[in-house]
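Enquirer: all I have is the shape, not the residue letters:
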């Protein structure tokens, strides 16, 4: 069988665990997240950060608060915002492609952070970022996975006084926690776009952020007090894997650019990291 622990954002990173084990444990930590925003008028944005963690692990609990850093389009720091943990719950384990027996050690919690920030109209836009270390150490398609962290980032596009206030796309479905090895996969990775913009989907590369330093501050700490400015470092893939071929499968995994359906047939037991990007397009 194969278990999926999903990290979602506009660059949507998924952690896929293909396992034939019926018992066992994993030294997992945070396993995903999503960052999105909604324009509510008056230069105000309701920002939502979702973090997923393995509740069976001995890794870090949910941060409270979580830090989101804002830069303008010229990478000038605008400030750090401290988001309280609004809710915490355990996700149900549902097999999306007909697994009949699920391992008892699968346990994923969802932490949701919601707050409102005020960002004045500018001509360069903004970048919002949250960084946290570290990734699950059992992932097989990236080297030394326990040394790599995550960056969840999203852009507010360039605005003018006459432009409408933009809301980001938001992924429609909660994480899929279980799938079956050797069974065809068809997963709906679509997002909702309330402004009527068209969306395009593609496989892309996960982003690094944070580090394993023992200090509590600075960009290499597990919980950076200020996220670094873009561009962000790509997570490297191990030999034989890439952003467009991140999982051992036959046929390979692919995503339909228009429909957002992810398909493939997993062929090897293991845990895999991969990412899906969705882009908004307006007026071409």
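Expert: Ah, there it is. Note that this is a predicted model, so its numbers are computed, not measured.
Enquirer: and the residue lying closest to residue 280 once chain neighbours are set aside, how far from residue 169?
Expert: Counting by C-beta to C-beta, 6 or more residues apart in numbering, residue 280 lies nearest to residue 197, which is 4.3 Å off, once chain neighbours are set aside. From N, CA and C alone the C-beta is placed, and that goes for glycine too. Here the distance between residue 197 and residue 169 works out to 8 Å (C-beta to C-beta, to the nearest Å).
Enquirer: have a look at the two and say which one is more surrounded.
Expert: Taking neighbours as other C-beta atoms under 10 Å, residue 197 and residue 169 compare with residue 169 leading, 19 against 15.
Enquirer: what residues are up against that one?
Expert: 10, 36, 191, 192, 193, 197, 199, 278, 280 (C-beta atoms under 8 Å, 6 or more residues apart in numbering).
Enquirer: got a pLDDT number for the third one?
Expert: Per-residue confidence at residue 191 stands at 94 (pLDDT).
Enquirer: phi and psi next, for residue 145.
Expert: phi -60, psi -30 (degrees, to the nearest 10).
Enquirer: picking up where we left off before, shared neighbours of residue 197 and residue 169, which are they?
Expert: residue 280.
Enquirer: what strand or helix carries residue 59?
Expert: Assessed by DSSP states H and E, residue 59 sits outside every helix and strand.
Enquirer: what does the one 3 residues further on give?
Expert: With secondary structure defined by DSSP H and E, residue 62 is part of neither a helix nor a strand.
Enquirer: what do you get for the one 5 residues further on?
Expert: In the assignment (DSSP H and E), residue 67 maps to strand 66-72.
Enquirer: run through who's touching that strand.
Expert: 35, 47, 49, 51, 77-83, 85, 113, 117, 119, 122, 124-131, 223-227, 229-230.
Enquirer: now that strand: average pLDDT?
Expert: The model assigns strand 66-72 a mean pLDDT of 97.
Enquirer: please renumber so the chain begins at 360
Expert: Shifting the count to begin at 360 puts that one at strand 425-431.
Enquirer: angle of whichever helix or strand comes after it against strand 425-431?
Expert: Under the assignment DSSP H and E, the closest C-terminal helix or strand after strand 425-431 is strand 436-442. Angle, strand 436-442 to strand 425-431, by axes from the mean of the first three to the mean of the last three C-alpha atoms, to 10 degrees: 160 degrees.
Enquirer: which helices and strands does strand 436-442 pack with?
Expert: Applying 3 or more C-beta pairs under 8 Å, 6 or more residues apart in numbering; DSSP states H and E, one finds that strand 436-442 contacts strand 403-413, strand 425-431, strand 467-477.
Enquirer: that strand: which residues count as buried?
Expert: Going by neighbour count (16 or more other C-beta atoms under 10 Å), the buried part of strand 436-442 is 437, 440, 442.
Enquirer: closest one of those to residue 576?
Expert: The shortest approach to residue 576 among these belongs to residue 440, at 16.7 Å (C-beta to C-beta).
Enquirer: surely residue 552 touches residue 558?
Expert: Yes. The criterion here is C-beta atoms under 8 Å, and residue 552 meets it with residue 558 at 5.6 Å.
Enquirer: so which helix or strand takes in the closest residue to residue 529 other than its chain neighbours?
Expert: Nearest residue to residue 529, sequence neighbours excluded (C-beta to C-beta, 6+ apart): residue 395, at 4.6 Å. Using DSSP H and E, residue 395 sits in strand 389-400.
Enquirer: which helices and strands does that strand pack with?
Expert: Using 3+ C-beta pairs under 8 Å, 6+ apart, strand 389-400 is in contact with strand 361-365, strand 370-377, strand 403-413, strand 485-491, strand 509-515, strand 529-530.
Enquirer: so where's this protein uncertain?
Expert: The model of the chain has pLDDT under 70 over residues 360-387, 453-465, 519-522, 537.
Enquirer: mind doing that once more with 50?
Expert: Applying pLDDT under 50 to the chain picks out residues 360-368, 378-387.
Enquirer: check contacts around the nearest residue to residue 405 once chain neighbours are set aside.
Expert: Spatially, and ignoring its direct neighbours in sequence, residue 405 is nearest to residue 397 (4.6 Å; C-beta to C-beta, 6+ apart). By C-beta under 8 Å, 6+ apart, the contact list for residue 397 reads 404, 405, 407, 526, 527, 553.
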